[in-house]
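Undergrad: could you work out the structure for the sequence below:
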Amino acid sequence: MIIESSAPTRVDLAGGTIDIPPLFLFHEGAATVNFAVSLLAHCRIETRNDNLIVLESIDRGERFETPLANIASLRDEPRLELLSKLVYFFKPNVGFKMITESKAPAGAGLAGSSTLNIACIGALNRLVGDRFSPDRFIPIAAAVECQVIKVPTGYQDYYSAQYGGVSCIHFGPEGMRREELSVDTTTLQSRMVVIYTGEPRNSGTNNWEITKRHIDGDRELFGIFEGIRDTSLNLREALIAGDWKSVGNHLRAAHPERKRLSPNITTPQMDKLIDVAYANGAIAAKVCGAGGGGCIAFFCEDGRRGDVEAALAVQEGVEVLDWRLSTDGLTVREISAGAV
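TA: Here you go, the predicted structure:
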């Protein structure tokens, strides 16, 4: 049996960090807004007849194998830890080789690990006979990723990976709900630039420090999160209405507010790149993920995307990413050996 799966990464436009439990429980109406992009995470599983489990990550250049009889050892395996813990969770009863690859740069802030998580869950679930219904994928992904990074993890990334498109994810005591936004995706794509700064970051560490401050009762931080919630809801309305002027205004106003969360949201290099983009037609900058490196998305004046990309492409260490808005989420398919 051969199983192939893929899932899209995302650009988070508004509401980051408020999606970490229990923070959203303290902010009524908490929501995030994001859109999926075509920098996919891939997983390929091929069953074997020798009762071996072989795990390989192409982008990390790492591979190891273990006998199927030793599958319990994967619970605490430090190599390819996310893959190992997922295999331990599903406990297949057949040998197989699993190869993964993420097209997003490492530490980009585009939810690469969460997206790979969803892609692997889709493939492994098919391997064990569709043991879980798709509505269980996101809770499983969050639980396993928390075991890996050892701090609470946000939820918005799994929704973009599983469903694709442009989303508003709503959070509250009743649970989480994804709303697919009806948006002029052609205009959105034509006005967004996404770059990788060349500086990877650790989102788990950044977000955990902020989470602890919030739980410890930091009143200033509470007010900042109220603003994060409001930006998400206002941006949702502007996107649905096709009010691109308001979209730019909300995104531009949100950037300095997010910097109040932590002095490490941006680096000196990132601040320089934002200034360059503003001087060449960008209206707003959105640091992707927890910041401190990784990617920056820019919302540009109408017709100025090319100017912004050209100005940033010549900056040291910068990679202007080639992407499309992805309307598809997780895909899983079985193929015959003869089709390989």
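Undergrad: Arg260 and Asp19, how far apart?
TA: Arg260 sits 18 Å away from Asp19, going by Cβ to Cβ, to the nearest Å. In this view, the C-beta of every residue, glycine as well, is placed from N, C-alpha and C.
Undergrad: no no, Leu68
TA: In this view, Leu68 and Asp19 are 37 Å apart by Cβ to Cβ.
Undergrad: and Gln147, what does it touch?
TA: Contacts for Gln147 (Cβ atoms under 8 Å, 6 or more residues apart in numbering) come out as Lys85.
Undergrad: buried residues in the helix or strand hosting it?
TA: If you go by DSSP states H and E, Gln147 is part of helix 137-149. Under the neighbour-count criterion of 16 or more other Cβ atoms under 10 Å, helix 137-149 has 137-138, 140-142, 144-145, 147-149 buried.
Undergrad: in TSV: those residues, plus pLDDT.
TA: Shown next, in TSV, are these (pLDDT from 0 to 100):
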residue	pLDDT
Phe137	98
Ile138	98
Ile140	98
Ala141	98
Ala142	97
Val144	98
Glu145	96
Gln147	96
Val148	95
Ile149	92
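Undergrad: okay, the residues you listed in TSV with distance to Glu220 next?
TA: As requested, the buried residues of helix 137-149 are exported to TSV (distance: Cβ to Cβ, whole Å):
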residue	distance to Glu220
Phe137	37
Ile138	32
Ile140	36
Ala141	32
Ala142	28
Val144	34
Glu145	29
Gln147	32
Val148	31
Ile149	26
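Undergrad: contacting residues around His295?
TA: In this structure residue 295 is Cys, not His. Each residue near Cys295 by Cβ under 8 Å, 6+ apart is listed here: 11, 105, 108-110, 194-197, 287-289, 321.
Undergrad: neighbouring strands for whatever helix or strand Ala7 lives in, and are they parallel or not?
TA: Per DSSP H and E: Ala7 is located in strand 2-14. Counting by DSSP bridges, the strands paired with strand 2-14 are strand 31-47 (antiparallel), strand 331-335 (antiparallel).
Undergrad: could you pull out the helices for the stretch 51-200 of the chain?
TA: 81-90, 112-127, 137-149, 156-163, 185-190 (DSSP state H, counting those that start in this stretch).
Undergrad: the inter-axis angle of the lowest-mean-pLDDT helix or strand in the chain versus helix 137-149?
TA: Lowest on mean pLDDT, DSSP states H and E among the helices and strands of the chain sits helix 203-215, with a mean of 79. Relative orientation of helix 203-215 versus helix 137-149 (axes from the mean of the first three to the mean of the last three Cα atoms, to 10 degrees): 100 degrees.
Undergrad: which elements pack onto helix 203-215?
TA: Applying 3 or more Cβ pairs under 8 Å, 6 or more residues apart in numbering; DSSP states H and E, we find helix 203-215 packed against helix 219-241.
Undergrad: pretty sure Ser232 contacts Phe24?
TA: No. Ser232 is beyond contact range of Phe24, at 10.7 Å (criterion: Cβ atoms under 8 Å).
Undergrad: overlap in contacts of those two?
TA: Listed contacts common to Ser232 and Phe24 are 18, 30; contacts here mean Cβ under 8 Å, 6+ apart.
Undergrad: circling back to that earlier point, now the strand holding Ala7, how far from the chain's geometric center?
TA: Taking Cα atoms, centre = their mean, to the nearest Å, one finds strand 2-14 lying 8 Å from the centre of the chain it belongs to.
Undergrad: for the most centrally placed residue in the chain, what are its contacts?
TA: Among the residues of the chain, the one closest to the centroid is Ala111, at 2.1 Å (Cα atoms, centre = their mean). By Cβ under 8 Å, 6+ apart, the contact list for Ala111 reads 9-10, 12, 104, 157, 160-161, 289.
Undergrad: lowest-confidence one in those?
TA: Minimum pLDDT for these is recorded at Gly289 (87).
Undergrad: what's in contact with stretch 296-304?
TA: Contact with stretch 296-304 is made by 11, 13, 191-195, 197, 244, 247-248, 251-252, 270, 273-274, 277, 280-288, 307-308, as judged by Cβ under 8 Å, 6+ apart.
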